[in-house]
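**Q** using only what follows, build the 3D model:
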Amino acid sequence: MTLMSDKAKLLKEDLVLKQIKAGISKENKLIKKFQDTANEWWEEYKQLRDSHKKRLVPIFADTDDRTTLYPTITRSAYRPLVSLVVPFRAQCFETPLEAFRFVSMLPFDRSFADGNRVERWHSFHSVLAKGSGDVEDHCSLLCSLLIGFGLDAYIAIGTNEKQPHLWVLTQEKTASSICTYFWEPMTGQKLEVSNPRVAKVYTTISCVFNDECLYANIQTSHYIPHVTH
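**A** Predicted structure coming up:
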């Protein structure tokens, strides 16, 4: 069986490379433009309050997208955080809780280089392909799945009692209020923010983001019991 006609015209390699290079060049220019705007925003954020300088509000992240196709075609591995959440609806899951359960069952796998931990975000394709991931990988996969179900979901960046920490946050509107939930993708634990156990697991929250926006905490205190969600 012939999959391609004998008369089909193949594109020349130099033409394909030229198109790929043009696409990556355009992408890099857009990222540079975003970076300039983000730097201005960051400076304004720090000026609002001295304590903001110490809050965990990253705008870019190191990713696994560092493949060099050809010596003349390079692509920055640093991506805006908002590009790391890619909403999709997995047909194999009937409910958000099923997706949550699946993500929590993925083994923990921390990235190292030269004996040191490396904070590198992986695409959900990479996470699913190797069947494991770091905390940020579990968060980006879960957040992408929850948004696919129509939930108002975000990745939260803050601290627990020991160190910087990431988890997923959702907000659900009711007739009289908005309920906020913390989803822990590593353990499968979901807590309503008013639950007393929240203060024992989470200490501070500095920012949240999804595929469309990033919100930095500008409240006087970023300690969980004092934050208005």
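**Q** need the helices for this structure, in chain order.
**A** In chain order, the chain shows helices spanning 13-48, 96-105, 124-130, 135-148, 198-201, with DSSP state H as the criterion.
**Q** highest mean neighbour count out of those helices?
**A** Using mean count of other CB atoms under 10 Å, the stretch among these with the largest mean neighbour count is helix 135-148, at a mean of 25. For the C-beta atoms, the positions are set from N, CA and C on the backbone; glycine is no exception.
**Q** how distant is that one from the center of its chain?
**A** Mean-position distance between helix 135-148 and its chain equals 7 Å (CA atoms, centre = their mean, to the nearest Å).
**Q** same question, stretch 25-38
**A** A distance of 18 Å separates the C-alpha centroid of stretch 25-38 from that of its chain, computed with CA atoms, centre = their mean.
**Q** flag the shaky bits of the chain, pLDDT-wise.
**A** Low-confidence segments of the chain, defined by pLDDT under 70, span residues 1-8, 66-76, 229.
**Q** looking at this protein, which strand is longest?
**A** Residue-count comparison of every strand in the chain, with assignments taken from DSSP state E, identifies strand 164-173 as the longest.
**Q** mind listing what residue 204 touches?
**A** Applying CB atoms under 8 Å, 6 or more residues apart in numbering, we find residue 204 in contact with 55, 158, 159, 222, 223, 224.
**Q** could you flag which of those are buried?
**A** Burial by neighbour count, judged by 16 or more other CB atoms under 10 Å, picks out 55, 158, 159, 222, 224 from the contacts of residue 204.
**Q** quick check: the gap between the last one and residue 200.
**A** Using CB to CB, to the nearest Å, residue 224 is found at 10 Å from residue 200.
**Q** one step back: which one of the contacts of residue 204 is nearest residue 103?
**A** Proximity of the contacts of residue 204 to residue 103 (CB to CB) peaks at residue 158, which lies at 19.4 Å.
**Q** how far does stretch 105-112 sit from the chain's center?
**A** Distance, centroid of stretch 105-112 to centroid of chain: 16 Å (CA atoms, centre = their mean).
**Q** swap in stretch 212-224?
**A** Distance, stretch centre to chain centre, for stretch 212-224: 16 Å (CA atoms, centre = their mean).
**Q** mind listing what the nearest residue to residue 131 once chain neighbours are set aside touches?
**A** Ranked by CB to CB, 6 or more residues apart in numbering and with sequence neighbours excluded, the top spatial neighbour of residue 131 is residue 106, at 6.5 Å. With contacts defined as CB under 8 Å, 6+ apart, the neighbours of residue 106 are 127, 131, 132, 133, 138, 141.
**Q** where's the closest residue to the third one other than its chain neighbours relative to residue 190, distance?
**A** Leaving aside its sequence neighbours, residue 132 sits nearest to residue 109 (CB to CB, 6+ apart; 3.7 Å). For residue 109, the distance to residue 190 equals 23 Å [CB to CB].
**Q** more neighbours, those two?
**A** Taking neighbours as other CB atoms under 10 Å, residue 109 and residue 190 compare with residue 190 leading, 17 against 14.
**Q** report the contact partners of that one.
**A** Per CB under 8 Å, 6+ apart, neighbours of residue 190: 100, 181, 182, 183, 184.
**Q** tell me what it is bridged to.
**A** For residue 190, the beta-bridge partners are residue 183 (DSSP bridges).
**Q** please report the distance of it from residue 117.
**A** Applying CB to CB to residue 190 and residue 117 gives a distance of 27 Å.
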